[in-house]
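S.K.: Just a sequence and a predicted model for now, questions to come.
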Amino acid sequence: MRKKIYAVLFCITFLTASFITVQGSDIPNPNIKQHFDLLYKQIIGPIPGEMKNDELPIRYEITPSFEVYYNEPEPVTLDDNIIALINQVDEELLLNYLENLTAFGPRVTGTSACEEAGEYIYNEFVNLGLEVRYQEWENGGFSGKNIEATMHGVDNSSNEIYIICAHYDSVSTSPGADDDGSGVAAVMASAKLMSTFLTYHTVRFVTFSGEEQGLYGSLHYVEEALENNDNIVAVLNADMIGFAETPEDASYVKIFEDEESEWLTNYTEDISQQYNDFIGIEVIPSGYSWGSDHYYFWQAGYNAIFYFEYNYNDYYHTSGDTIEHMDLNYAAKNSKLILATLAEISELTTQQSPNKPVKPNGEINGKYGEEYKYTTITTDPQNDEIFYFFDWGDGTDSGWVGPFDSGVTVEASHKWTEKGSYSIRVKA
């Protein structure tokens, strides 16, 4: 049976015959300066802190060219595997990610600190055996990188995509522990824990830059998703989920939604109720907010919700946004809720993963236009049949091939059409 995704790198450099290396429309928003008081903040959630003006940088109207198709989620019931999954989320796990992220200092988009933080996130995803890429973007005089890690679903008939996301940049005055180190820690913890399982549908773990300048990173991500006709069913955006001053504050989380995404709020509310003994958080549906990376998903016709702490963080966008001013137990509860929602809706499976495939074996120097064969092998702890997936590094892949018996050498071939250096990955 097809099992957990493992990825290993194998570089190949192609040579020529002479052995030369083959190498929008304006949408009015509230005026920030006039409305930046507690009541207003409680209504709309956080606002990007370093926009050039009081309106989001919409360049044109985003219009979806297709409809999102998905099967209605099954009613939420307790699942022992999900209980085991979320019970691994604790303060220590999140603290490790938060300490590493805040150690870079303010992570302002375009600075070396933000770049280094992005590299840290990228490498953590790679070490989990996930399929990882940078998405580079430029806009409004800014440039940055989004980081995307993918777990492909094991159901070949499904093109459904589920996303958990957060932004890893911060404003220039802040170390960005809660905003949005807390969300990034939730994304990274979810990736770490889910990477030991399988899901029937594809899951993406995404961190954006450019949020504080006006949601630039997520804008470009959504534009690319539309160009690719990605069937993104649900987006879970975590932004500021780790501040609580009182036990009452730590008992609730706000969910911002648009009308089309209300079903998703209802779904995560059902999760909070069914898993209450293991999470201990109550969902407060809080209406509409444009102030974070879910917004352009809405504009494109995708369903998304925005998880946000119950009591607004007074240290937001200041030097006081530190780990010491966070409630890590509250951050863990919110992370558990988001993780449980993601695991349920993407249909976490109970199958045990096969062992890591060996590095692909084959030609490392060659000529473009010629076909080359590569082999790999792994075993399954339960002696089940195994499917393999070769990523050829040129934007193409083998698709899932198999099934093969456990412990049998597998062969796949590919022909590259352009000069270049390519990294070959294999997963099983």
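M.R.: Perfect, I can see it now.

S.K.: Nearest residue to Leu78 in space, ignoring adjacent ones along the chain?
M.R.: Gln274 (5.8 Å; Cβ to Cβ, 6 or more residues apart in numbering). Bear in mind the C-beta positions are built from the backbone N, C-alpha and C, glycine included.

S.K.: first to last residue in stretch 159-172, what's the distance?
M.R.: Separation of the first and last residues of stretch 159-172 by Cα to Cα, to the nearest Å is 39 Å.

S.K.: tell me the mean pLDDT over that stretch?
M.R.: Regarding stretch 159-172, the rounded mean pLDDT is 97.

S.K.: Can you list the buried residues in it?
M.R.: Residues 160-171 are the ones in stretch 159-172 that count as buried (16 or more other Cβ atoms under 10 Å).

S.K.: Hmm, the residue nearest to Leu78 is touching Val76, no?
M.R.: Yes - the criterion here is Cβ atoms under 8 Å, and Gln274 meets it with Val76 at 4.8 Å.

S.K.: What's the local residue count around the residue nearest to Leu78?
M.R.: 18 (other Cβ atoms under 10 Å).

S.K.: for it, what are its contacts?
M.R.: 76-78 (Cβ atoms under 8 Å, 6 or more residues apart in numbering).

S.K.: Looking at these, which is nearest Ala234?
M.R.: Checking these against Ala234 with Cβ to Cβ, the nearest one is Val76 at 13.9 Å.

S.K.: rewinding a little: closest one to Ile338 out of the contacts of Gln274, please.
M.R.: Checking these one by one against Ile338 (Cβ to Cβ), the nearest turns out to be Val76, at 14.3 Å.

S.K.: show me the contacts for that closest one.
M.R.: Val76 neighbours (Cβ under 8 Å, 6+ apart): 267, 270-271, 274, 344.

S.K.: what about the residue nearest to it when sequence neighbours are not counted, which SS state?
M.R.: Nearest non-adjacent residue to Val76, counting by Cβ to Cβ, 6+ apart: Asp270, 4.3 Å away. Classification of Asp270 using DSSP: H, G, I helix; E, B strand; the rest coil returns helix.

S.K.: Bridged to the residue nearest the centre of the chain, which residues?
M.R.: Centroid-nearest residue in the chain, with Cα atoms, centre = their mean: Phe205, separated by 1.8 Å. Phe205 has these beta-bridge partners by DSSP bridges: Ala149, Ile164.

S.K.: so Asp321 makes contact with Asn313?
M.R.: Yes - Asp321 is within contact range of Asn313, at 7.0 Å (criterion: Cβ under 8 Å).

S.K.: Common neighbours of the two, please.
M.R.: Contacts common to Asp321 and Asn313, judged by Cβ under 8 Å, 6+ apart, are 178-179.

S.K.: If you count surrounding residues, which of the two has more?
M.R.: Asp321 (29 against 24).

S.K.: Determine the number of other residues adjacent to the closest residue to Glu371 other than its chain neighbours.
M.R.: Distances taken as Cβ to Cβ, 6+ apart put Lys415 closest to Glu371, at 4.3 Å, once the chain neighbours are dropped. The burial count assigned to Lys415 is 13, neighbours taken as other Cβ under 10 Å.

S.K.: residue contacts, Lys415?
M.R.: Contacts of Lys415 by Cβ under 8 Å, 6+ apart are 369-372.

S.K.: Going along the chain, name the helices of this structure.
M.R.: 32-35, 38-44, 80-86, 91-102, 112-127, 183-194, 216-227, 262-274, 276-279, 295-299, 328-345 (DSSP state H).

S.K.: Of all the ones you listed, which one comes closest to Ile424?
M.R.: helix 112-127 (14.5 Å).

S.K.: Same question for that closest one: list its buried residues.
M.R.: For helix 112-127, burial by neighbour count (16+ other Cβ under 10 Å) applies to 113-115, 117-118, 120-122, 124-125.

S.K.: domain parsing for this protein?
M.R.: Using automatic domain parsing, the domain ranges for the chain come out as 8-22+361-427, 32-345.

S.K.: Can you tell me which of these is packed in deepest?
M.R.: With neighbours taken as mean count of other Cβ atoms under 10 Å, these reach their highest mean count in domain 32-345, at a mean of 20.

S.K.: before we move on, back to that, now render the domains of the chain as a markdown table, adding distance to Pro354.
M.R.: Shown next, in a markdown table, are these (distance: least, Cβ to Cβ, whole Å):
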| stretch | distance to Pro354 |
| --- | --- |
| domain 8-22+361-427 | 4 |
| domain 32-345 | 10 |
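
S.K.: Any idea which of these has the lowest pLDDT on average?
M.R.: domain 8-22+361-427 (a mean of 78).

S.K.: just curious, which of the buried residues of stretch 159-172 is nearest to Met194?
M.R.: Ile164 (9.2 Å).

S.K.: quick one: contacts for the closest one?
M.R.: Counted by Cβ under 8 Å, 6+ apart, Ile164 has contacts 186-187, 190, 203-206, 235-236, 238, 338-339, 342.

S.K.: Can you give me the first-to-last residue distance of stretch 281-292?
M.R.: In stretch 281-292, first residue to last residue: 22 Å (Cα to Cα).

S.K.: One more: stretch 191-199?
M.R.: For stretch 191-199, the first-to-last residue distance is 12 Å (Cα to Cα).
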